[in-house]
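Undergrad: how does the following fold in three dimensions:
(4 chains)
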Number of protein chains: 2
Amino acid sequence: MKVTALEEYGLRCMLLFAGNDNRAPLTLPKISTAEGLSLPYAGKLLMILKKAGLVRAVRGRNGGYSLTKPAHEITLQEILAALGNSLHGSHHCDRFSVNNEDCIHTGNCVIGGIWSTFDNYIQGMLANITLADIALGKFGLQNNPVTKP
Amino acid sequence: MKVTALEEYGLRCMLLFAGNDNRAPLTLPKISTAEGLSLPYAGKLLMILKKAGLVRAVRGRNGGYSLTKPAHEITLQEILAALGNSLHGSHHCDRFSVNNEDCIHTGNCVIGGIWSTFDNYIQGMLANITLADIALGKFGLQNNPVTKP
DNA sequence: ATTATACTATACTGTTTTGTATAGTATTAA
DNA sequence: TTAATACTATACAAAACAGTATAGTATAAT
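TA: The predicted structure follows:
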């Protein structure tokens, strides 16, 4: 299981905004130096976040990027969904068919069940953590709630 | 967030064993046709599982692979740990330093906190699901146990 | 109007991941 | 002992991902 680069750096950029609430928009040069990213790469990230509706861009002098809603209304789920695919989606069987047209496990696939359960579990957690929570370090977890029916 | 190919196909192979408890060892040709994998690729997967101690190999005629312990004693956590890295480990900061020597967020990195919490959360879930559970579809989850201290 | 500043788009390169090809080595039934 | 069967190892090719380079377009202060 891997965190992709877009998810990592995209989340870092979002956190930059969380610490910048209600101030002047952040420019691409500022973002790129703050996060150690090249300017075009920062541009690519912010473009993704913009297309997802998490960020708004103002062009020209005195322009820059800012959040479209307050940090405490943005969930980690929204952010990660914008930056990459979920662990188990409709594309899953296409990815893992080893160059065949169809996955070999048509019909009752037990693998799909476990990933899907796993993914729901994770999404539930992500939906309950906001960008503001992360910026303030205000999140935690209880013990393993796995049940065996 | 992505499931890697090794994780997906490796888990599929392990499930093949779970449905084969106490019978003759599974040969590489059988595994490769059952899962639609090329023979050398199946070999690579089983080699990884063998090095992790999850599977034992017997060479020569009548040989093949079998589990080193019963399916109900093997957790999903062990299996995925053998097949890939965890979501947040010691290598995390190295991966995301954008070709610089050090990550730009030295010291109090709030990103590390969220991934680490997230990873612990996931590991806890994985440790409570066994290969036998998966094979029988016997697993589930409760509602989101996120706390905000 | 001009110019500096800022966002936008596309093409390109290197690295990692995926998966294959090929050539071995070991064991056992006959 | 021979041959069939099975595991093991290394090198290679293709695709996806990560990150850079370059060339624009838009806005507003002067």
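
Undergrad: which residues does residue A:15 contact?
TA: A:131, A:134, A:135, B:110, B:111 (C-beta atoms under 8 Å, 6 or more residues apart in numbering or on different chains). In short, each C-beta sits where N, CA and C put it, glycine included.

Undergrad: do that again at 6 Å, thanks
TA: The neighbourhood of residue A:15, defined by C-beta atoms under 6 Å, 6 or more residues apart in numbering or on different chains, consists of residue A:135.

Undergrad: export the helix or strand where it lies as PDB, just CAs?
TA: Using DSSP states H and E, residue A:15 sits in helix A:5-18. C-alpha atoms of helix A:5-18 as PDB (Å, rounded to 0.1, in the frame of the first residue of the first chain):
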ATOM      1  CA  ALA A   5       3.400  11.700  -4.400                       C
ATOM      2  CA  LEU A   6       0.400  13.800  -5.500                       C
ATOM      3  CA  GLU A   7      -1.400  12.800  -2.300                       C
ATOM      4  CA  GLU A   8       1.500  13.700  -0.100                       C
ATOM      5  CA  TYR A   9       2.400  17.000  -1.600                       C
ATOM      6  CA  GLY A  10      -1.200  18.000  -2.300                       C
ATOM      7  CA  LEU A  11      -2.000  17.500   1.400                       C
ATOM      8  CA  ARG A  12       1.000  19.500   2.300                       C
ATOM      9  CA  CYS A  13      -0.200  22.400   0.200                       C
ATOM     10  CA  MET A  14      -3.700  22.200   1.700                       C
ATOM     11  CA  LEU A  15      -2.100  22.400   5.100                       C
ATOM     12  CA  LEU A  16      -0.300  25.600   4.100                       C
ATOM     13  CA  PHE A  17      -3.700  27.200   3.500                       C
ATOM     14  CA  ALA A  18      -5.000  25.900   6.800                       C
END
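
Undergrad: so it, near DNA strand D or not?
TA: Yes. Part of helix A:5-18 sits near DNA strand D under the criterion C-beta under 7 Å from any atom of the strand, namely A:5, A:6, A:9.
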